[in-house]
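Chemist: sharing a model prediction with you, sequence too.
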Amino acid sequence: MPDISQELVEAFKQKATLANAKIVEMQSLAEAIPYVAEICKAKEPAQLLANENVEKGPLGPLGCPTRVTKIIAAPELSAEDFASLEAACAGEKIACIKEGVRDHVAGIDVGFTFAELGVAGSGTCMAINDNEDVRLSGMVAEIHVLALKKSRIYPDLPSIAPFLRERMSDGKCSYTTFITGPSRTADIERVGAIGVHGPLELHIILLEG
C-alpha cells in the first residue's frame, strides 16, 4: 500500500474545509458509494430548464419546475461499483447514469468523480477530465462528490509540476481541472455568490490507500 502522510492529510482537510468543501474519511469505495446515494436522497430535486422534456414536479425557489426523478452521474465507476450505486438508490426516484451526461445538463443532482491528486497547501483537488461525461459530471451537478486517495496528497503546487509536464508533453488533447471548494464568484458588484459557474456543494471523500 502506498505511504500516507497523516500530516499532509490533516493539512489538506484544514485547507479544504476553509474553502467550504465537506470532508469525510472512508476506508474504501464500497463505503463511499452508499454515502453518495444518501446525499442525493437528502437533497431537494434539481430545477430544470422550462423546455426540458422530462416529468416535472413543483416549481422551485426560482420559479422553475423541479425534476421528479433525481440523477446521479458516475461515469468513472466500474460496472460492478455502478451496480452497487444503483442498488443503493433502489426504491427511490433516482436515476444513475454513466454516459450521455450532456443530455441532462439542466438537472444533474450529484456528480461522482475521482481526483487524480490533492494539494495540501490549498485544499485543492486535481481532476483529469479527458472524457466529456466526466468533465460535465463535475461541472453541471448541483453537488459534486470527489473521491481522493490519501496517498495522492502532495504538499504544494510545485511538487506536482512533473505530473503536469507529463500531461502537457504527451501530444494528446487533455483537460485538467483544479478544484478548490464549491463554485464561487464575486464578479457582480463584488458580491460573493455560490454555484454560479458550477456545483453548489463539494464533498471530498478521502479514501485509504
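Modeler: It's in.

Chemist: find the residue at the geometric middle of the protein.
Modeler: For the chain, the residue lying nearest the average C-alpha position, counting by CA atoms, centre = their mean, turns out to be H144 (2.8 Å).

Chemist: thought it was touching I205?
Modeler: No - counting by CB atoms under 8 Å, H144 stays clear of I205, with 11.3 Å between them. To be clear about C-beta, it is placed using only N, CA and C from the backbone, and glycine gets the same treatment.

Chemist: what's the first helix or strand after the helix or strand bottoming out on mean pLDDT in the chain?
Modeler: The least trusted helix or strand in the chain, going by mean pLDDT, DSSP states H and E, turns out to be strand 193-194, with a mean of 50. Per DSSP states H and E, strand 193-194 leads on to strand 201-207 as the next helix or strand towards the C-terminus.

Chemist: who does that next one pair with, and is each partner parallel or antiparallel?
Modeler: strand 22-26 (parallel), strand 143-149 (parallel) (DSSP bridges).

Chemist: redo those as TSV? Include distance to S78.
Modeler: Output for the strands paired with strand 201-207, formatted as TSV (distance: least, CB to CB, whole Å):
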stretch	distance to S78
strand 22-26	17
strand 143-149	13
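
Chemist: please identify the most buried of the ones you listed.
Modeler: strand 143-149 (a mean of 23; mean count of other CB atoms under 10 Å).

Chemist: may I have it exported as PDB, CA atoms only?
Modeler: What follows is strand 143-149, C-alpha atoms only, in PDB (Å, rounded to 0.1, in the frame of the first residue of the first chain):
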ATOM      1  CA  ILE A 143     -23.400  18.600  -5.700                       C
ATOM      2  CA  HIS A 144     -20.000  17.300  -6.800                       C
ATOM      3  CA  VAL A 145     -18.500  14.400  -4.900                       C
ATOM      4  CA  LEU A 146     -14.800  13.800  -5.400                       C
ATOM      5  CA  ALA A 147     -13.000  10.600  -4.200                       C
ATOM      6  CA  LEU A 148      -9.300  11.100  -3.400                       C
ATOM      7  CA  LYS A 149      -6.800   8.600  -2.100                       C
END
